[in-house]
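Undergrad: Kindly generate the corresponding structure for this input.
(chains A and B, ligands or ions: 2)
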Amino acid sequence: MAQAGNRAASLASGADDEVIVQLSRVNKWYGAFHVLKDIDLTVYRGERIVICGPSGSGKSTLIRCINRLEEHQCGQIVVDGVELSNDLKNIDRIRSEVGMVFQSFNLFPHLTVLENCVLAPIWVRRMPRRQAEEVAMQYLTRVKIPEQAGKFPLQLSGGQQQRVAIARALCMNPKVMLFDEPTSALDPEMIKEVLDVMVELAREGMTMLCVTHEMGFARTVADRVIFMDRGEIVEQNRPEEFFANPKSERTRLFLSQILGH
Amino acid sequence: MATASDIDRPAAGEFRPKPDQPPPALSVGPLAWVKRNLFGSRFDSLLTLACLAALYYLVPAVWRWAVAEATFVGDSREACAPNPGACWVFVNVRIEQFIYGFYPQAERWRANVVVLLGLGSLTYALSEAMPWRKWVALFLILPYPVLAYILLLGGMFGLPPVETRLWGGLLLTLIIASVGISASLPLGIALALGRRSKMPVIQLLSIGFIEFVRAVPLITVLFMASVVLPLFLPPGSNFDQLLRALIGVSLFAAAYMAEVVRGGLQAVPKGQTEAAAALGLGYWSTMRLIVLPQALRYVIPAIVSNFIGLFKDTTLVLIIGLSDLLQMVKLATTDSKWIGLATEGYAFAGAVFFVFCFGMSRYSLYLERKLGTGYRR
Ligand SMILES: Nc1ncnc2c1ncn2[C@@H]1O[C@H](COP(=O)(O)OP(=O)(O)OP(=O)(O)O)[C@@H](O)[C@H]1O
Ligand SMILES: [Mg+2]
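TA: Residues are numbered from 1 along each chain as shown, chains lettered A, B, ... in the order given. Ligands and ions are numbered 1, 2, ... in the order given. Presented below is the predicted three-dimensional model:
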């Protein structure tokens, strides 16, 4: 029933009918610790999803399962029509179609900004260097730092580094973008420059799954907000509904905590 | 109404910056440097004075022995008799043996070509901003070893053969050191990756090899290469003594190198491999493009330290009957005509080792500074 509701929600916001990520009854353990419990989630092409929840609830684990930085033990994850299994070929293929942005940027410090951006297109997509550089400059312009192309990552501010990380992911022309708390390591004035880039990306119709506590961002761009606690999806809804009248007591408590101050 | 900022700045009018004042005397300039670094505290001053005293006694003594009262020209021991200082004539007369060992005189040009070509192209490939550096480096990696092998060993293309037991002196030291260095780095990297591999068999083999070799002294490894290795070969097959030494030294150095590289690999944050994986790069691309360049950079000082250790350890091959530079010097000092001149001989050998090791050390510092670009904010 919830599923149908989502679908209506996403269709209403202009998202495509096509399923791009499908998780069914996904379970994961770290040793004996049950970190994901029976996760069902369907993401349609063009949908923007924000995932929130208290620390340790399994948000990072969930999105890291989608490009198999973490392995799930039960259930099924299908990305772009390919099921994630132990087949290494499939994994590399899916990873090249799914972009990821990390909380700690994870830029390659020994390469310049431009080299960071062209690396995967050249070595994974086998794109000629010239063309890869053109594409990279295009994306660096879109994240508004083309003039930093020749610098090394550690010479940039945190906000600039995170925008490079976004450009680097976009250079692979991904079908889905995953964000794991992309602004949590940033000073307030840099948060905005990164969020602006993300909002623009959302406007252009990129499929996004974003773990964040930036509720303003969730309100403006999300098609759906998912609340997780203790490895379960507690509630998901359109942002207006989600913030105005959360269904569960747990969600209400969480919202009052993060919106309270 | 007066606010805090009004009180900070009197109302007397415009803000006018104060003119720059020169720094107080004795805070800049050479005199200040001397004061801060040599006489910073009472203890520092004491140390400085003690060192100056030691230098005052040592330097003139060494200078007198090595230069002022030494003999440089002549062709026999008698030439040295009038001077109380060093008898460099000994080194002069024996220099060819120190450099070439027993390599036949008529063929020494081949050794010269190999060594000069090697050192020359190495220097070229390592110096920045030279055109075609990459090609010179490639030449060193691929055709050069084959060329060196053919030239030194002979027996083809009309070159008379020179058995490896005749090779010796500095030539042999350089051959063993350069083979050891160029084999140990790639082998060490492979072993380090193997040790961190998720495949139990590979991991076990790597750990076993590394721990076994490191637990055994080089002399033992050389002995084993010399005595045990032939046991595994078909009887009667003649396995070159030098080749055994080369294999022994390379494997030994590789085990140490593996641990150094592993240290570097561990210093690369997990986020780096995750970011590379998230972009779709496979294991080998990730290692080659992302992890190893960073890991090796962290451990340049330790790698070069290993190289220097290896260079000096080559002297141990005398144990299995090879005559490297040190062994040639030792042999010469036992010559009855030159008895009692060991100091000169060893001073010379020491100086040669110093030049090579110091050169490596300097290059390592230069490399660190160059590759540090971008790491510092
Ligand atoms: N590699 C691991 N081994 C064992 N336990 C882990 C591992 N990674 C995460 N966990 C545990 O799994 C739980 C979920 O972690 P996860 O990082 O997914 O939480 P999160 O919702 O992203 O939290 P946060 O908001 O703090 O980032 C946490 O309790 C964490 O301690
Ligand atoms: Mg997290």
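
Undergrad: From now on I want contacts and neighbour counts done on CA atoms only, so please keep to that.
TA: OK.

Undergrad: my hunch is that A:Val21 is in a strand, does that hold up?
TA: Yes: in this structure, A:Val21 lies within a strand as judged by DSSP: H, G, I helix; E, B strand; the rest coil.

Undergrad: Quick one: residues contacting it.
TA: Residues near A:Val21 by C-alpha atoms under 8 Å, 6 or more residues apart in numbering or on different chains: A:41-44, A:66, A:77-80.

Undergrad: Next, the closest residue to ligand 1 within the stretch 51-200 of chain B: phi, psi?
TA: With C-alpha to the nearest ligand atom as the measure, B:Lys198 is the residue of the stretch 51-200 of chain B nearest to ligand 1, at 16.2 Å. Backbone geometry at B:Lys198, expressed as degrees, to the nearest 10, gives phi -90, psi -10.

Undergrad: what's the burial count for it?
TA: Other residues near B:Lys198 number 10, with proximity taken as other C-alpha atoms under 10 Å in any protein chain shown.

Undergrad: Same question for B:Ala111.
TA: Applying the criterion other C-alpha under 10 Å, we find 19 residues in the vicinity of B:Ala111.

Undergrad: Now do the contacts for it.
TA: For B:Ala111, the contacting residues are B:100, B:151-152, B:171, taking C-alpha under 8 Å, 6+ apart as the criterion.

Undergrad: Helix, strand or coil: sort out it for me.
TA: At B:Ala111 the chain is in helix, as set by three-state DSSP.

Undergrad: Grab the two from the contacts of B:Ala111 that are most spread out in space.
TA: Across the contacts of B:Ala111, no pair lies farther apart than B:Tyr100 and B:Leu151, at 14.2 Å, counting by C-alpha to C-alpha.

Undergrad: Among those two, which residue is more densely surrounded?
TA: With neighbours defined as other C-alpha under 10 Å, B:Tyr100 and B:Leu151 compare such that B:Tyr100 has more, 25 against 22.

Undergrad: Roughly how far does the more buried one sit from A:Thr212?
TA: Shown here: B:Tyr100 relative to A:Thr212, a distance of 71 Å by C-alpha to C-alpha, to the nearest Å.

Undergrad: hmm, back to that, among the contacts of B:Ala111, which ones are in helices?
TA: Where the contacts of B:Ala111 overlap with helices, as defined by DSSP state H, the overlap consists of B:100, B:151-152, B:171.

Undergrad: does A:Glu235 count as helix, strand or coil?
TA: Remark: A:Glu235 carries the secondary structure label strand [criterion: three-state DSSP].

Undergrad: how many neighbours does B:Ala351 have?
TA: Summarising burial for B:Ala351: neighbours were counted as other C-alpha under 10 Å, giving 12.

Undergrad: Quick check: which element contains it?
TA: Here B:Ala351, judged by DSSP states H and E, is contained in helix B:342-371.

Undergrad: and that helix, what does it pack onto?
TA: Helices and strands touching helix B:342-371, as assessed by 3 or more C-alpha pairs under 8 Å, 6 or more residues apart in numbering or on different chains; DSSP states H and E, comprise helix B:89-100, helix B:300-313, helix B:325-333.

Undergrad: Including distance to ligand 1 and mean pLDDT, could the ones you listed go into JSON lines?
TA: JSON lines is the format used below for those (distance: least, C-alpha to the nearest ligand atom, whole Å; pLDDT from 0 to 100):
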{"stretch": "helix B:89-100", "distance to ligand 1": "58", "mean pLDDT": "82"}
{"stretch": "helix B:300-313", "distance to ligand 1": "31", "mean pLDDT": "89"}
{"stretch": "helix B:325-333", "distance to ligand 1": "54", "mean pLDDT": "85"}
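
Undergrad: Out of those, the one nearest B:Tyr366 is which?
TA: Among these, helix B:300-313 comes nearest to B:Tyr366, with 10.6 Å by C-alpha to C-alpha.

Undergrad: what sits up against that closest one?
TA: B:173, B:177, B:180-181, B:249, B:253, B:256-257, B:260-261, B:353, B:357, B:360-361, B:364-365, B:368.
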